[in-house]
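Peer 1: this one's structure only:
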């Protein structure tokens, strides 16, 4: 079982590295603020997989080395890091849900997480490092249940809040993107919670399967929802409304052409090919366009048009 776990975790790590790179490339192109938080979430998620992989390696290869006195201590220290990353993952996922709602993490939430994490790590660390070997397992189970239950409750609260928010959005395209994200992670965490009731053998490999699933989701979500729907949102504006905004801010015809292609989700290279101009020229026009409209990213550009659409 240990070798199979190591193999599955390595496969999940490879897919995870590709998912991080894909989200980075998308963020680099479109500058969506929440993608940065999501990319950090994926990084921490895969670090937790790497930590789990390390634990499985020690269990598989060192369990028989009864003369290795440091073995129990190594496993205990790894366990502390595993829980640190679980808590960090929850914090970052909540940060992503807030960013998708165009909000920042409040100071109250940050303080609660800081205090809660410190308490858990201290209690867990004392228990892991100083509990006798014969009582360690039962005590870790109690801590495990408490931490995982708290994590699941917090995650559910913020994901459900995100789903409620998506239903109230006037923009149906943005609603689809946020709804798909919320439904997946609500379903994913529900699956993780339900697996507790399954036999250990089934639970073990199912948990590993979720590692793969969580790393595959970014490819699907970014390609099928984010790039498809978020990019086209401003296209619901009529030409008269667009021209009114362009005239008001002194946008040149070339900048208008480029703005239209930006809102279709085109990259700088695709815009250059469409307009038969150099990529550097595209970059200069985009810089000028952003300065005139006082925005700093494509995401802010799209939000700018959506906001001004509602102002006659």
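Peer 2: Done, it's in. Nothing here was measured: the structure is a model prediction, and the numbers come from that model.
Peer 1: when you work out contacts or count neighbours from here on, use the C-alpha atoms and nothing else.
Peer 2: Will do.
Peer 1: what's the worst-scoring helix or strand of the chain on mean pLDDT packed up against?
Peer 2: When each helix and strand of the chain is scored by mean pLDDT, DSSP states H and E, helix 298-309 comes last, with a mean of 73. Helices and strands touching helix 298-309, by 3 or more Cα pairs under 8 Å, 6 or more residues apart in numbering; DSSP states H and E, are helix 253-263.
Peer 1: show the average pLDDT along the helix or strand encompassing residue 185.
Peer 2: Secondary structure assignment for residue 185, by DSSP states H and E: helix 172-194. Computed over helix 172-194, the mean pLDDT rounds to 87.
Peer 1: contacting residues around the helix or strand that comes right after it?
Peer 2: Going down the chain from helix 172-194, the next helix or strand is helix 200-221, by DSSP H and E. Identification of contacts with helix 200-221 by Cα atoms under 8 Å, 6 or more residues apart in numbering yields 5, 8-9, 11-12, 15-16, 19, 22-23, 42, 49, 177, 180-181, 188, 192, 195-196.
Peer 1: apply 7 Å and report the result again.
Peer 2: The contact list for helix 200-221 (Cα atoms under 7 Å, 6 or more residues apart in numbering) reads 8-9, 12, 15-16, 19, 192, 195-196.
Peer 1: farthest pair in those residues?
Peer 2: Across these, the longest distance by Cα to Cα is 27.4 Å; it joins 19 and 196.
Peer 1: who has more neighbours, the two?
Peer 2: residue 19 (22 against 14; other Cα atoms under 10 Å).
Peer 1: for residue 8, what are its contacts?
Peer 2: residue 208.
Peer 1: returning to that earlier point: run the chain-centre distance for the least confident helix or strand of the chain.
Peer 2: Chain-centre distance of helix 298-309: 23 Å, with Cα atoms, centre = their mean, to the nearest Å.
Peer 1: and what of stretch 173-187?
Peer 2: Mean-position distance between stretch 173-187 and its chain equals 12 Å (Cα atoms, centre = their mean).
Peer 1: please identify the buried residues of that stretch?
Peer 2: 173-182, 185-186 (16 or more other Cα atoms under 10 Å).
Peer 1: Throw those residues into a markdown table and include distance to residue 103, thanks.
Peer 2: As requested, these are arranged in a markdown table below (distance: Cα to Cα, whole Å):
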| residue | distance to residue 103 |
| --- | --- |
| 173 | 19 |
| 174 | 15 |
| 175 | 16 |
| 176 | 19 |
| 177 | 17 |
| 178 | 14 |
| 179 | 17 |
| 180 | 19 |
| 181 | 17 |
| 182 | 16 |
| 185 | 19 |
| 186 | 20 |
